[in-house]
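# Below is the sequence, then the predicted model.
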Amino acid sequence: MRRYPAFDPPEYVSWHPDPEVQRRYDATLRKDPQRRAILRSLSRDHLLRLYAGLLRARLHDIALQRWVRQGVLSKAWLGTGEEAVAVGNAQALEAGDLVGPMIRNAGACHERGMPVAQMLKAYLGTRDQITQGRDLHTGDPERGILPPISFVASLVPVFAGAALAFQLRRQPNVALTWVGDGASHTAEFHEGFNLAAVNRLPLIVVLQDNQVALGTQLKAHQRSELEDLVSAYGAAGLSCDGNNVLDVFAATRQAADLCRHGRGPVILTAHTFRMGGHATHDEQEGRSLFAARVFAAWGKQDPVGCFEAWLTAHGTGRGRDGKILASTLEATEAEVIREVDAAAEEALRSRDLHSPRPEQALGGVTAD
Ligand SMILES: Cc1ncc(C[n+]2csc(CCOP(=O)(O)OP(=O)(O)O)c2C)c(N)n1
Ligand SMILES: [Mg+2]
C-alpha cells in the first residue's frame, strides 16, 4: 500500500517484507488442519475483500489523524497495527450475527456494512447519525452492529443477553464482542462471560491483547497467560495471530462453528500490538512504554504489508490463476482511497449542514 510518512508509525514508512516474518506468517496458516480447510475455501474475491477491509481500516484512521492535525478533532483513538483483528473477525461472521465493537475495532463497523461516512460523522458529532452528536461511539443496530458505551467490557453482559435470545429463539446466530487485555479484568467481563458459560450461549468474546492498557504494560497487570482465563469458566478457548488476518478469520469461523453447535461460549485471544499511544494525545508516552526494538519487531508485522506480501506470493494457492498481481492490489487500493476520501468529504459537509442544535440535547435521551 501507499505509505503516509506524516501519519504512519515510523516503522511502516519504508516497509518491505521481512523474509523471516513472512515465513512465520505462512507457517501459522499451515499449522491447524481445520483452519487450513477454512482458508482453502476462500475465493480470490474473498481474499481481496479482506485486503480492502484492512486498507479501509488503516485509511479511516489516517483520515482521523489528518483531522486531529488540522484541528478539526481534538483527538482520535486508532486501531493502527491491530486492523487484522476487527476485519478478520467481522468478515468471518454470517448475516444475522451481531457485533459490538469497542472504539479500536472501527474496522468491524465498516466490514459489517456501515458506510465509512456514518462512522466519521459520529466522530464529528453531526446530527444525521445514530448518536445525533452525543457520542463518538457508533454502530448501526439495523446492520447488527450495537454501539458501545465508553465503559470497557460493558458490552459483555449485553452480548450474553443477545446470545441468550438467539438460544431461546433457536436462531443459528452468534453474538461477538471485543475486550482489551486490560478490560478482561473488569467485573462486567466476568459476570457476562460466566453467565454465557453456564448457559452454553453462542457468545464469542475476542480478547484483543495489544500488550497494553492505557499506560500499563500487559506484564504489569496480568500474571498468567491470557489463554488460562477460559479454564475458570469451563468454556472453550482459541487463540490466533492478531496481525495475520487469515488466521484471525479462520479462528473466528472455528469459534462461530462451536457456538452454532451449542459448544459456546468462546474466548478468542488475538495477540497483536498497539503501534502508538492510547489515542493521538499520548503518542509519545505510548512509545516510551516499550523499547524501540519492540516497536521495530511489531512494525515488521504490519498486518496490511504482510497480507499484501502473502497475497502476491500465494493468492488462492490454486496455480498461476490463483496468484494475485500487485496491479490488482493497487486497483483495489485506489478504489478504497476514493471511498474513504468521499466519506471524509461527506462527513465534513454534514458538520457544516447538520450540527446539533443546543435544545436537541434534551430530546431522545430515554426511550418512550
Ligand atoms: C470500566 C472502565 N474503566 C476504566 C476506563 C478508562 N479506560 C479507557 S480505555 C482503558 C484501557 C483499556 O485497555 P484495554 O482493555 O487493554 O484496551 P485497549 O485500549 O488497549 O484497546 C481504560 C482504563 C473505562 N473506559 N471503562
Ligand atoms: Mg490493551
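That came in fine, so what should we check first? Quantities reported herein were computed from a predicted structural model and do not represent experimental measurements. Numbering: from 1, shown residues only. Ligands and ions are numbered 1, 2, ... in the order given.
# Please identify the helix or strand for the closest residue in space to residue 249 that isn't next to it in sequence.
Using Cβ to Cβ, 6 or more residues apart in numbering and skipping residues adjacent in sequence, the residue nearest residue 249 is residue 88, 4.2 Å away. Heads up, the C-betas are built off the backbone N, CA and C, glycines and all. Residue 88 is located in helix 83-92, with elements delineated by DSSP states H and E.
# same thing with residue 99?
Here residue 99 is covered by strand 98-100, with elements defined by DSSP H and E.
# Give me the residues contacting that strand.
Contact partners of strand 98-100, identified using Cβ atoms under 8 Å, 6 or more residues apart in numbering, comprise 89-90, 93, 108, 112, 139, 144-146, 148, 155, 158-159, 162, 173-178.
# and if we set it to 6 Å?
108, 112, 144-146, 148, 155, 159, 162, 175-177 (Cβ atoms under 6 Å, 6 or more residues apart in numbering).
# Show me which residues of this structure sit near ligand 2.
Taking Cβ under 5 Å from the ion as the criterion, the chain approaches ligand 2 at residues 180-181, 210, 213.
# Is the helix holding residue 88 in proximity to ligand 1?
No - Helix 83-92 lies out of reach of ligand 1 by Cβ under 6 Å from any ligand atom, never closer than 9.9 Å.
# Check which helices and strands that helix sits against.
In terms of contacts (3 or more Cβ pairs under 6 Å, 6 or more residues apart in numbering; DSSP states H and E), helix 83-92 is packed against helix 44-70, helix 106-111, helix 245-260.
# Measure how far it is from the centre of its chain, please.
Distance, stretch centre to chain centre, for helix 83-92: 5 Å (Cα atoms, centre = their mean, to the nearest Å).
# Just the residues contacting it, thanks.
Contacts for helix 83-92 (Cβ under 6 Å, 6+ apart): 50, 53-54, 57-58, 105, 107-108, 111-112, 206, 208, 242-243, 245, 248-249, 252-253, 270, 272, 303.
# In the stretch 151-300 of the chain, which residue sits nearest ligand 2?
The minimum distance from the stretch 151-300 of the chain to ligand 2, using Cβ to the ion, falls at residue 180 (3.6 Å).
# what are the phi and psi angles of that residue?
Dihedral pair for residue 180: phi -80, psi 170, per degrees, to the nearest 10.
# For it, name its beta-bridge partners.
Under DSSP bridges, the beta-bridge partners of residue 180 are residue 208.
# Please put the alpha-carbon coordinates of stretch 198-211 into CSV.
C-alpha atoms of stretch 198-211 as CSV (Å, rounded to 0.1, in the frame of the first residue of the first chain):
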residue,chain,number,x,y,z
VAL,A,198,-23.1,-21.7,32.5
ASN,A,199,-25.8,-21.5,29.8
ARG,A,200,-23.6,-22.5,26.9
LEU,A,201,-24.6,-19.4,25.0
PRO,A,202,-23.4,-18.6,21.4
LEU,A,203,-21.2,-15.8,22.5
ILE,A,204,-17.7,-15.0,21.3
VAL,A,205,-15.5,-12.6,23.2
VAL,A,206,-12.4,-11.6,21.3
LEU,A,207,-9.7,-10.8,23.9
GLN,A,208,-7.7,-8.3,21.9
ASP,A,209,-4.3,-8.5,23.5
ASN,A,210,-2.4,-5.4,22.3
GLN,A,211,0.1,-5.8,25.2
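# For that stretch, buried residues please.
199-211 (16 or more other Cβ atoms under 10 Å).
# Could you find the closest non-adjacent residue to the most centrally placed residue in the chain?
In the chain, the centroid-proximal residue (Cα atoms, centre = their mean) is residue 86; its distance is 2.0 Å. Closest residue in space to residue 86, ignoring its immediate chain neighbours: residue 107 at 3.5 Å, by Cβ to Cβ, 6+ apart.
# quick one: the strand or helix carrying residue 338 to helix 44-70, angle?
Using DSSP H and E, the element containing residue 338 is helix 326-353. Angle of helix 326-353 versus helix 44-70, following axes from the mean of the first three to the mean of the last three Cα atoms, to 10 degrees, is 40 degrees.
# Does anything pack onto helix 326-353? Which helices or strands?
Looks like helix 326-353 contacts helix 44-70, helix 116-124 (3+ Cβ pairs under 6 Å, 6+ apart).
# one step back: tell me which of the helices and strands packed on helix 83-92 sits most buried.
Ranked by mean neighbour count, the helices and strands packed on helix 83-92 are led by helix 106-111 with a mean of 27 (mean count of other Cβ atoms under 10 Å).
# just checking, what packs against it?
helix 44-70, helix 83-92.
# can you give me the mean pLDDT across the helix holding residue 88?
Mean pLDDT, helix 83-92: 98.
# At the contact with ligand 1, which residues of the stretch 101-250 of the chain appear?
Residues of the stretch 101-250 of the chain that fall close to ligand 1, judged by Cβ under 6 Å from any ligand atom: 104, 150-152, 180-183, 186, 210, 212-214.
# Sketch out the low-pLDDT regions of the protein for me.
Low-confidence segments of the chain, defined by pLDDT under 70: 318-321.
# let's see 90
Along the chain, segments meeting pLDDT under 90 span 314-323, 358-368.
# in it, what residue sits furthest out from the centroid?
Computed with Cα atoms, centre = their mean, the residue of the chain farthest from its C-alpha average is residue 359, at 35.2 Å.
# how close does it sit to residue 127?
Applying Cβ to Cβ, to the nearest Å, the value for residue 359 to residue 127 is 12 Å.
# next one: residue 98
For residue 98, the distance to residue 127 equals 26 Å [Cβ to Cβ].
# more neighbours, these two?
Using other Cβ atoms under 10 Å as the criterion, residue 98 and residue 127 rank with residue 98 on top: 24 against 16.
# and that one, bridged to which residues?
residue 175.
# now it: how far from residue 368?
24 Å.
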